[in-house]
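Visitor: Need the 3D shape of this:
(one chain, ligands or ions: 2)
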Amino acid sequence: MTDKLIIFDTTLRDGEQSPGASMTRDEKLRIARQLERLRVDVIEAGFAASSNGDFEAVKSIADHIRESTVCSLARANDRDISRAAEALKGAARARIHTFIATSALHMEKKLRMSPEQVHEQARLAVRFARNLCADVEFSPEDGYRSDIDFLCRVLETVIAEGATTVNIPDTVGYAVPELYGEFIRTLRERVPNSDKAVWSVHCHNDLGMAVANSLAGVKIGGARQIECTINGLGERAGNCALEEVVMAVRTRRDYFGLELGIDATQIVPASRMVSQTTGFVVQPNKAVVGANAFAHASGIHQDGVLKARDTYEIMRAEDVGWAANKIVLGKLSGRNAFKQRLQELGVEMESEAEVNAAFARFKDLADRKSEIFDEDIIALVGDESVTAEQEHYRLLSLSQRSAIGDRPHAELAFAAGDVEHHAQSDGNGPVDACLKAIESRVKSGAEMLLYSVNAITSGSTESQGEVTVRLQHGGRVVNGVGADPDIVVASAKAYLSALNKLHSKAERVAAQG
Ligand code: KIV
Ligand code: ZN
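Guide: Numbers count the residues shown, from 1 in each chain. Ligands and ions are numbered 1, 2, ... in the order given. Okay, the predicted model is just below:
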């Protein structure tokens, strides 16, 4: 009998609650597909009752994902739970995750309910959910700050009503590893029917201990499910980072002694996809997925690694999906070679038309950049202009000039539907001039919340620049991403991509708090 640790990914639900990390339905589906390639056990796809957009996103993921369990969050009431069940109808494996707060503070100040009312509502919610779905998870929100006697009673009740997983959130990131681990162990010892459910940990990172707390919940407490997000995405300081817990359990198998179903080679592609989609850049020194995570700069380290890799490396970069910056394709590569490389990179295209569109962009890039790396291809297929719903604005041409002492000036043409627009503007710099030129025609009135540039392949100015623009308008926050060897062009593409999202009639799926 193997002792398995279940990986429950909540990037698309708790991760998306991070202000500015809102995603469209198509973006969520694309990430869900990558999570399935990563072989996470459970994908929390959203909070179906929170908006029509979120309902559609959960439904679309449930309809397409076949291997991972697809889960929807639901407050502990019949309406939310019914909505979750409806969205999950098409799932091969479905889970309803219902929650209600159990700490004195939350019950009194937020819910304005007595402990007995909360207890009863938890019982009824799990009973109702179990009539609709065989796999039901219950979370006592702010569980770690709850009175332990009360929590034991609630957990015993929900397990008796058929909850198959009980999850203990450290909602505000207050826990420290040893105490959290002991808290879980005590709960498991004191709840009489604790052996009838899987115990799960859900830790926030406010004190930078979400990963350590989760691991303590597993090691000391005996939990067998970890809830986590790619890149640790999440509200405030984020959630427990999937890549870190997974690689800790895998690298220190000698200590944890647990099996994982994860395909670790999909970690870096998943990290890139989430970062590119949300505009939340990964810090270079971030464990496992940061650009420097496997870089050895000091002479002593380099010498050691060359002589014997394990002198300074406890994991291999390729095991977590870092491609060795290989030159994979060039100007003369044909469509078949391109298509094969997409398959090797695990990129699925919906249709031949999509392959053709991506290949045309590849050819265009290869004309301007002699060496094309895997990272370039991933950026190219991640280019949101692929998605028809977002194609209203398209950049047609751009020229700009800047010289020391002169005010920068940009002239460009872009299509808005079938209409071609020409615009020009001065600006503080060439990027500013360019975006002002676009805005002078579109007149979106959007407020820019973020502008950032990153080199797609590190180490050289020959790299493509990847620009993220975050815009806010009418209560909606959207991210646009654009890549190009010319960062002014990349900026214009990113800006138009964000405007496309604002323009799109499709409902946003962000719960935004
Ligand atoms: O942090 C939290 O308490 C949550 C619950 C809804 C599980 O995200
Ligand atoms: Zn949470």
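Visitor: For I61, which residues are in contact?
Guide: I61 sits next to L12, K28, L29, A32, I43, A45, G46, V70 when contact means C-beta atoms under 8 Å, 6 or more residues apart in numbering. C-betas here are computed from N, CA, C, even on glycine.
Visitor: swap the cut-off to 10 Å and go again
Guide: Shown in contact with I61 (C-beta atoms under 10 Å, 6 or more residues apart in numbering): 12, 25, 28-29, 31-33, 35-36, 43-46, 68, 70-72, 87-88, 90-91.
Visitor: got it, and I262?
Guide: Neighbouring residues of I262 by C-beta under 10 Å, 6+ apart: 5, 7, 9, 38-41, 242-243, 245-247, 249-250.
Visitor: switch the cut-off to 6 Å
Guide: Contact analysis of I262 by C-beta atoms under 6 Å, 6 or more residues apart in numbering lists I7, R39, V246.
Visitor: Assign the last one to helix, strand or coil.
Guide: What it means is V246. V246 carries the three-state label helix when classified by DSSP: H, G, I helix; E, B strand; the rest coil.
Visitor: For the remainder of this discussion, apply numbering that starts at 436.
Guide: All right, first residue 436 from here; so that's V681.
Visitor: Leaving out the residues flanking it, which one is nearest to it?
Guide: Distance criterion C-beta to C-beta, 6 or more residues apart in numbering; nearest residue to V681, sequence neighbours excluded, is I697 at 5.3 Å.
Visitor: how far away is that neighbour from R528?
Guide: 17 Å (C-beta to C-beta, to the nearest Å).
Visitor: Same check on R474?
Guide: Using C-beta to C-beta, R474 is found at 13 Å from R528.
Visitor: what touches both of those two?
Guide: Contacts common to R474 and R528, judged by C-beta under 6 Å, 6+ apart, are absent.
Visitor: more neighbours, those two?
Guide: Ranked by neighbour count (other C-beta atoms under 10 Å), R474 and R528 place R528 first, with 18 against 15.
Visitor: how about the nearest residue to the more buried one, chain neighbours excluded?
Guide: Leaving aside its sequence neighbours, R528 sits nearest to T504 (C-beta to C-beta, 6+ apart; 4.1 Å).
Visitor: Contact partners for that neighbour?
Guide: Counting by C-beta under 6 Å, 6+ apart, T504 has contacts V477, R528, R530.
Visitor: remind me which residues of the stretch 436-585 of the chain are low pLDDT?
Guide: For the stretch 436-585 of the chain, the stretches flagged by pLDDT under 70 are 436.
Visitor: Chain neighbours aside, what residue packs nearest to K798?
Guide: Sequence neighbours aside, K766 is the residue nearest to K798 in space, at 7.9 Å (criterion: C-beta to C-beta, 6+ apart).
Visitor: typo on my end, E462
Guide: T712 is the one closest to E462 (C-beta to C-beta, 6+ apart), at 5.0 Å.
Visitor: burial measure for that neighbour, as a count.
Guide: 24.
Visitor: Distance check, it against ligand 1.
Guide: Going from T712 to ligand 1 by C-beta to the nearest ligand atom, to the nearest Å gives 20 Å.
Visitor: Which secondary structure elements does the helix or strand containing that residue sit against?
Guide: Element membership of T712 [criterion: DSSP states H and E] is helix 702-713. Helix 702-713 sits against helix 460-472, with contacts defined as 3 or more C-beta pairs under 6 Å, 6 or more residues apart in numbering; DSSP states H and E.
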